[in-house]
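*Asks:* Here's a sequence, model it:
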Amino acid sequence: MSAPTNPTADNHLGYTAPPRMFRGRWQRYAWAAVPLASISALAFVPFIVAWRRRVVPAWVAGLYVLGSLFWWTLAVIKPDGPDALLTWALRAFIATATIHILLLDPIKRQGK
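*Replies:* I've put the predicted structure just below:
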């Protein structure tokens, strides 16, 4: 008996890899630099791209859009700078966004 000629007909039987966010190793670090360099103002951009590539659901991208919008609004309302608690919250948001970007694709381990 020969193999099926149409591979898409039996696609539901096999494993399909999840979509990839990064095509190269350098892209992981370039995307992670976005929230660091913009001090969270553009933290939503990598998640919008990840949503469009179907790596993350829309609600994750929406949360980062709302988070960045909050910090933009706060910068307009209080141009002299936030108090200490908001400063630590901003640092936590930047760190969370950066780490989340780094973890969007699993890191491939090199075999020995």
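
*Asks:* could you point out where this protein is predicted with low confidence?
*Replies:* Residues of the chain meeting the criterion pLDDT under 70: 1-13, 81-82, 107-112.

*Asks:* Help me confirm that Asn68 comes into contact with Leu42.
*Replies:* Actually, residue 68 is Ser rather than Asn. Yes - taking contacts as CB atoms under 8 Å, Ser68 lies within contact range of Leu42: 7.0 Å. Every C-beta, even on glycine, is put in place using the N, C-alpha and C of the backbone.

*Asks:* Out of these two, name the residue with the larger neighbour count.
*Replies:* Set Ser68 next to Leu42 and count neighbours by other CB atoms under 10 Å: Ser68 wins out with 21 against 14.

*Asks:* Return the list of helices and strands in contact with the host helix or strand of Trp71.
*Replies:* Under the criterion of DSSP states H and E, Trp71 resides in helix 58-77. In this structure, helix 58-77 makes packing contacts with helix 45-52, helix 84-102, judged by 3 or more CB pairs under 8 Å, 6 or more residues apart in numbering; DSSP states H and E.
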